[in-house]
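Engineer: What follows is a predicted structure for the sequence shown.
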Amino acid sequence: MDPTSTYNPRNLIIYDGVCLLCDKFVRFVIKYDKKDRFRFKPYQHSAESVMQQKGLESVLLVNKNKTYDKSSAAIRILAMLRGPIWRGFFVLLIIPKPIRDFLYNLIARNRYKVFGRTDECILPDESVKHKFV
């Protein structure tokens with residue numbers, strides 16, 4: 001099953017909908033996504049089995065028919081927010097992926113312990129509901 005089978009916008013962020021860290025990250029992206037470039041989908045809604053099969057934790061970015069995971073996804077999402085500060089995040093891509101992903105995995109494995117989790121996906125408020133698929 002393809003995680004984007006029902007909807008494939010240019011920039012789709014698939015995230016862990018019960019993770020409070022992921023929820024804060026999504027809210028952060030929504031706040032700074034001034035050009036309305038991103039759409040969001042909790043992986044619990046349709047892609048959970050794909051995420052679990054691939055051993056992925058937390059976030060995927062589907063951008064222009066390419067899928068980025070882990071640190072590559074997080075860095076690209078931040079860098080795509082526009083503005084000189086955010087674009088500077090692209091420089092982090094020069095760090096070898098195994099090193100970036102080691103740090104990412106460390107955070108991902110402990111995210112529930114440190115930040116908490118909910119029993120269900122947090123529903124967006126009406127003002128941003130159109131951003132969720």
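Structural biologist: Here it is on my side, so go on. Worth saying up front: this structure is predicted, and the values here are computed from it rather than measured. Residues are numbered from 1 along each chain as shown.

Engineer: rest of the way, CA atoms for contacts and neighbours
Structural biologist: Noted.

Engineer: Can you give me the neighbour number for residue 87?
Structural biologist: Neighbour count for residue 87, taken as other C-alpha atoms under 10 Å: 16.

Engineer: Equivalent analysis for residue 92, please.
Structural biologist: 15.

Engineer: Name all residues that make contact with it.
Structural biologist: Residue 92 makes contacts with residue 75, as judged by C-alpha atoms under 8 Å, 6 or more residues apart in numbering.

Engineer: and if we set it to 10 Å?
Structural biologist: Neighbouring residues of residue 92 by C-alpha atoms under 10 Å, 6 or more residues apart in numbering: 71-72, 75-76, 79, 100.

Engineer: Now intersect the residues you listed with the helices, please.
Structural biologist: 71-72, 75-76, 79, 100 (DSSP state H).

Engineer: Which pair in those has the greatest spatial separation?
Structural biologist: Spatial extent of the ones in helices among the contacts of residue 92 (C-alpha to C-alpha) is set by the pair 79 and 100 at 15.4 Å.

Engineer: Contact partners for the closest residue to residue 76 other than its chain neighbours?
Structural biologist: Distances taken as C-alpha to C-alpha, 6 or more residues apart in numbering place residue 90 nearest to residue 76, at 6.6 Å, with adjacent residues excluded. Contact analysis of residue 90 by C-alpha under 10 Å, 6+ apart lists 72, 75-80.
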